[in-house]
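> what's the 3D shape of this:
(chains A and B)
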There are 2 protein chains.
Amino acid sequence: MSDERPYYAFHVFCCTNERPEGHARGSCARKGAERLRNYMKARAKELGISGTRINAAGCLDRCELGATLVVYPEGVWYTYANEADLDEILVAHLQGGRIVERLRLTVEQTALRPDQMAVAG
Amino acid sequence: MSDERPYYAFHVFCCTNERPEGHARGSCARKGAERLRNYMKARAKELGISGTRINAAGCLDRCELGATLVVYPEGVWYTYANEADLDEILVAHLQGGRIVERLRLTVEQTALRPDQMAVAG
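As a prediction, the model looks like this:
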């Protein structure tokens, strides 16, 4: 719909939502998302990746699959657990333009809530 | 790069970053962004707009042009000041697929900082 080049070549949103300890859905903050987002931001700068912004975001609603981030404008979603995962996303995807398939979340991977899981058997 | 349909048809990120009162760059939170994001989220639900998420985000770094939001995957940026602006974005863009040109931020509208403004004259 837009005929303009993107303002950011890669606009990354890292969910940093926090839920109380023991919440059934969990939350990205409980999986280190705040610290890891700060790492990704600093590492992107070190690598000289330009035209890119690594933003914090509220709940992206795929909590059970987290920690999650999404790269726009492509709309590629990732799950990640540690610095090594983020390094791979930075180097392969943001520098190399190749999706990291082992960390990618597909559209079909819905964030099932426990009540939905029970229905799904 | 991605051959998948988007997880959200429209993924809206509203900057809700807050800076201290009197900061030279201002901030979206000082322009009512938190309240207005909550309004947009509730209004989208009332209008029955599905497949859409209205997220809060950290600083999108176009502070002087704010309050700002961006609609992905198109990457269309808007400035907005009140509920009427958000109503127009919801109805025209998210329901009707038409960009609201009067509120749109172009790529050329950079967020000039005061030191840059001085250089620019």
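> can you point out the buried residues in stretch A:98-115?
Buried residues in stretch A:98-115, counted by 16 or more other CB atoms under 10 Å in any protein chain shown: A:Ile99, A:Val100, A:Leu103, A:Arg104, A:Leu105, A:Ala111. Every residue, glycine included, has its C-beta placed from N, CA and C.
> now that stretch: how far from the chain's centre is it?
11 Å (CA atoms, centre = their mean, to the nearest Å).
> and chain B, which of the buried residues of stretch A:98-115 contact it?
By CB under 8 Å from any CB of the partner chain, the members of these lying near chain B are A:Ile99, A:Leu105.
> distance of A:Leu90 from A:Ala44?
Separation of A:Leu90 from A:Ala44 (CB to CB, to the nearest Å): 6 Å.
> sorry, back to before: nearest to chain B among the buried residues of stretch A:98-115?
Closest approach to chain B among those (CB to the nearest CB): A:Ile99, at 6.7 Å.
> just the pLDDT at the spatially most central residue of chain A, thanks.
Taking CA atoms, centre = their mean, the centroid of chain A lies closest to A:Leu69, which sits 1.0 Å from it. pLDDT, A:Leu69: 98.
> with the one 10 residues further on instead?
Predicted confidence (pLDDT) for A:Thr79: 97.
> gap between the residue lying closest to it once chain neighbours are set aside and B:Asp61?
Nearest residue to A:Thr79, sequence neighbours excluded (CB to CB, 6 or more residues apart in numbering or on different chains): A:Leu65, at 5.2 Å. Relative to B:Asp61, A:Leu65 is positioned 28 Å away (CB to CB).
> same question, A:Ile54
Going from A:Ile54 to B:Asp61 by CB to CB gives 11 Å.
> which one's more surrounded, the two?
The neighbour comparison of A:Ile54 against B:Asp61 (other CB atoms under 10 Å in any protein chain shown) goes to A:Ile54, with 26 against 16.
> beta partners for the more buried one?
Taking DSSP bridges as the rule, A:Ile54 bridges to A:Val12.
> residues touching it, list them.
Listed by CB atoms under 8 Å, 6 or more residues apart in numbering or on different chains, the contact set of A:Ile54 reads A:Val12, A:Cys14, A:Arg37, A:Met40, A:Lys41, A:Ala44.
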